[in-house]
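Undergrad: structure for the following, please:
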Amino acid sequence: ELRRHLLSLAHPRVKVLKKLPNTKAVQANHTFTYNQDYHSNLYRVKIPLMQMKTESKESKIPRSVLEERKNRVEVVIVRVMKTRKTLDHNALMSEVMKQSLRFAVQPRN
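TA: Here you go, the predicted model:
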């Protein structure tokens, strides 16, 4: 957790901290120092928190299965839009999730 926060503060967009050596990984021999040249025009600075790469459930699902699911979702979308003609995005998403009962459809952000 601490490594993630340190990397966020040393991110190239923010650079509150300087990191030596300048790599994406944090090891015991790396050093962090305060960046004296850092300044911001804002009173409060928003620093995005880095997300560590973790192995998710999706990576365990074979690629062929993911492709098949993608095709099924597209078929459901076409079927719904042919019957409804016009539909806003949220209504379309809920209708696709209702009709996709074989697997849990996870919308992308």
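
Undergrad: so residue 64 is in which element?
TA: Using DSSP states H and E, residue 64 maps to helix 63-84.

Undergrad: list the contacts of the very next helix or strand once past that helix.
TA: Secondary structure here is assigned by DSSP H and E; on that basis, the next helix or strand after helix 63-84 toward the C-terminus is helix 89-99. By CB atoms under 8 Å, 6 or more residues apart in numbering, the surrounding residues in contact with helix 89-99 are 73, 76, 77, 79, 80, 81, 84, 87, 105, 107. C-betas here are computed from N, CA, C, even on glycine.

Undergrad: isn't the first one right up against residue 100?
TA: Yes: at 6.3 Å, residue 73 counts as touching residue 100 under the criterion of CB atoms under 8 Å.

Undergrad: pLDDT below threshold where in the chain?
TA: With pLDDT under 70 as the threshold, the chain has low-confidence stretches at 52-59, 102-109.

Undergrad: give the residue farthest from the middle of it.
TA: In terms of distance from the mean C-alpha position of the chain, residue 83 ranks first, at 33.0 Å (CA atoms, centre = their mean).

Undergrad: okay, now the sheet partners of the host helix or strand of residue 18, with direction.
TA: Assigned by DSSP H and E, residue 18 belongs to strand 17-20. Take DSSP bridges as the rule and strand 17-20 pairs in its sheet with strand 31-34 (antiparallel).

Undergrad: tell me how far the residue lying closest to residue 15 once chain neighbours are set aside lies from residue 6.
TA: Excluding the flanking residues, the one nearest residue 15 by CB to CB, 6 or more residues apart in numbering is residue 35, at 5.4 Å. When CB to CB, to the nearest Å is the yardstick, residue 35 and residue 6 sit 13 Å from each other.
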